[in-house]
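> show me how the following folds:
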Amino acid sequence: MEEIAQDLAEHPFVQALTKSHLEWLAKCATARSFRAGQFLLREGGEADSLYLLRRGRVSLEVNVPGRGIEQVESLREGDIAGLSWLFPPHRWQLDARALEPVDCIALDARCLRAKMDEDHELAWALGRGLLLEMYQRLGRVRLQRLDLYAAESRRTP
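Model (predicted):
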């Protein structure tokens, strides 16, 4: 438990949390590892964890009908994976696949939601971190889309 608490405290996502909140989060935490090619989460599956990436790279992917699997984004050490655990119906919206061996901390979603319902200070701190993560991802997706549109327009005669 002490080792997971130390690993948790070092992750950028929880830097703004108080020591007591970190101690409590450690009770919801489990160290997890994934081999290259293994899925952390699958679209449509139960959104049961928030993953704090400690090592490795993860591909966020969607299956586009008629085109197959497309990578939406690549995550690395210091990022988080799995934003759907907070919002009903608590189902993953995409796949997350390890591109190389991944070590992470998995925070149990039910444990997190229960604690957030009772501790509004923690709910605000985690919610603000999740909102920042979503905001940053939307910005990256926007830049990727702009690059894609620019590339397509260069190909059109």
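
> please enumerate the helices of the chain.
Along the chain, the segments classed as helices by DSSP state H run 2-10, 19-26, 109-118, 120-155.

> out of the ones you listed, which one sits most buried?
Stretch with highest mean neighbour count among these: helix 19-26 (a mean of 16; mean count of other C-beta atoms under 10 Å). C-beta here means a position set from N, CA and C on the backbone, and glycine is covered the same way.

> contacting residues for the closest residue to L40 other than its chain neighbours?
Distances taken as C-beta to C-beta, 6 or more residues apart in numbering place A96 nearest to L40, at 4.2 Å, with adjacent residues excluded. Contact analysis of A96 by C-beta atoms under 8 Å, 6 or more residues apart in numbering lists 39-41, 51, 58-61, 75, 81-82.

> and the helices of the chain as TSV, adding distance to G45 and mean pLDDT?
Converted to TSV, the helices of the chain look like this (distance: least, C-beta to C-beta, whole Å; pLDDT from 0 to 100):
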stretch	distance to G45	mean pLDDT
helix 2-10	24	91
helix 19-26	23	93
helix 109-118	12	95
helix 120-155	19	80
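
> and the ones you listed: which comes nearest Q71?
Closest to Q71 of these, according to C-beta to C-beta: helix 120-155, at 9.8 Å.

> how much space between E73 and L94?
Relative to L94, E73 is positioned 9 Å away (C-beta to C-beta, to the nearest Å).

> sorry, slip of the keys, the one I care about is R140.
For R140, the distance to L94 equals 15 Å [C-beta to C-beta].

> same check on R145?
Taking C-beta to C-beta, one finds R145 at 16 Å from L94.

> before we move on, what about F87?
Counting by C-beta to C-beta, the gap from F87 to L94 is 14 Å.

> now swap in H120 and tell me
Taking C-beta to C-beta, one finds H120 at 30 Å from L94.

> same check, this time on L8
L8 sits 25 Å away from L94, going by C-beta to C-beta.

> same check on W124?
27 Å.

> just M116 next, same as before
Taking C-beta to C-beta, one finds M116 at 23 Å from L94.

> go on, Q71?
Q71 sits 10 Å away from L94, going by C-beta to C-beta.
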